[in-house]
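Enquirer: Quick one, structure for this:
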Amino acid sequence: MKNVTPEEWVVELGQRVRKLRVLANISQQQMADQAGVSLNVVKRLEDGHGSTVLSMLRILCVLEKIDWVDNLKPEVPTDIFEKSHFLHKNKYKRANNHRLKR
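Expert: Model (predicted):
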């Protein structure tokens, strides 16, 4: 699916989750109970309205499809992360120091 909007991805993901749930012979209520989310979360996800990342991960665990997220978490070289974290931290430190001087 190339050139797809985030909204279209949410709808597609909801449809895939619904198909997997039905194939696993699990009701929406059973899915919600096993995932530790509300029934409304499952319904909204399957209807293409999305969910929080945590709810999605819990549902994917129940469906034994947590491997779907592997491509979303590629390894980031440590030195780049540390540099970014350092710069981000110092940016806020400088901003707070500037506010304190006023």
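
Enquirer: before we move on, what SS does E64 have?
Expert: coil (DSSP: H, G, I helix; E, B strand; the rest coil).

Enquirer: ok, it to I26 distance?
Expert: For E64, the distance to I26 equals 11 Å [C-beta to C-beta, to the nearest Å]. For the C-beta atoms, the positions are set from N, CA and C on the backbone; glycine is no exception.

Enquirer: More neighbours: which of these two?
Expert: I26 (17 against 9; other C-beta atoms under 10 Å).

Enquirer: Secondary structure element for the more buried one, which one?
Expert: Per DSSP states H and E: I26 is located in neither a helix nor a strand.

Enquirer: cool, and I59?
Expert: Using DSSP H and E, I59 maps to helix 53-62.

Enquirer: what sits up against that helix?
Expert: Outside helix 53-62, the residues that touch it by C-beta atoms under 8 Å, 6 or more residues apart in numbering are 13, 17, 26, 31, 34-37, 41-42, 45, 51, 66, 68-69.

Enquirer: Most neighbours of all those residues, which one?
Expert: Counting neighbours by other C-beta under 10 Å, V42 leads these with 27 neighbours.

Enquirer: Show the contacting residues for that residue.
Expert: Counting by C-beta under 8 Å, 6+ apart, V42 touches R21, Q28, M31, A32, A35, I59.

Enquirer: Mind exporting the C-alpha coordinates of the helix or strand encompassing it to CSV?
Expert: Using DSSP H and E, V42 sits in helix 39-46. Taking Å, rounded to 0.1, in the frame of the first residue of the first chain, the C-alpha atoms of helix 39-46 are listed here in CSV:
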residue,chain,number,x,y,z
LEU,A,39,-14.8,-3.4,24.4
ASN,A,40,-15.2,0.1,22.9
VAL,A,41,-11.4,0.1,22.2
VAL,A,42,-11.7,-3.1,20.1
LYS,A,43,-14.8,-1.8,18.3
ARG,A,44,-13.2,1.6,17.5
LEU,A,45,-10.1,-0.1,16.3
GLU,A,46,-11.9,-2.5,14.0
